[in-house]
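Visitor: only geometry, no sequence info:
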């Protein structure tokens, strides 16, 4: 079963980038054309702050709602994703495991 895990340092990065709110801040995870992705050739994982429409996976973590829409499941190809923060590169990293 596919899952989303977000590390504490990554949550701190999201708080700096998106701020904090009294309600959940939605973060959509989706496959986008281009970039350096490791799951699908020619695609990479994108993120956007938008409300869910047809979410197939939702994970609430410390004020954020991470979700994957039904139309975006193809990108993950039955893999779970761990969202980490790289201090070295000062950016978010994605690690995939077979679900």
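Guide: Noted; the coordinates are in hand. The structure presented is a predicted model; accordingly, all values stated were derived computationally and were not measured.
Visitor: Tell me which residue is most central in the chain.
Guide: In the chain, the residue lying closest to the centroid (C-alpha atoms, centre = their mean) is residue 29, at 4.3 Å.
Visitor: helices or strands up against the longest helix belonging to the chain?
Guide: Counting residues, the longest helix found in the chain (DSSP state H) is helix 8-18. Judged by 3 or more C-beta pairs under 8 Å, 6 or more residues apart in numbering; DSSP states H and E, helix 8-18 is in contact with strand 25-33, strand 64-69, strand 79-86. C-beta here means a position set from N, CA and C on the backbone, and glycine is covered the same way.
Visitor: Show me how far the last one is from its chain's centre.
Guide: This means strand 79-86. 7 Å (C-alpha atoms, centre = their mean, to the nearest Å).
Visitor: Next, the buried residues of it.
Guide: Buried positions in strand 79-86, judged by neighbour count with 16 or more other C-beta atoms under 10 Å: 79, 80, 81, 83, 84, 85.
Visitor: cool, the first one as well?
Guide: Neighbour-count burial for strand 25-33, with 16+ other C-beta under 10 Å as criterion, is recorded at 26, 27, 28, 29, 30, 31.
Visitor: Quick check on the closest residue to the fifth one other than its chain neighbours: phi, psi?
Guide: With sequence-adjacent residues excluded and distances taken as C-beta to C-beta, 6 or more residues apart in numbering, residue 30 is closest to residue 72, at 4.2 Å. For residue 72, the backbone dihedrals (degrees, to the nearest 10) come out as phi -100, psi 0.
Visitor: so who does residue 72 touch?
Guide: 28, 29, 30, 31 (C-beta atoms under 8 Å, 6 or more residues apart in numbering).
Visitor: cool, residue 20 as well?
Guide: Residue 20 makes contact with residue 63 under the criterion C-beta under 8 Å, 6+ apart.
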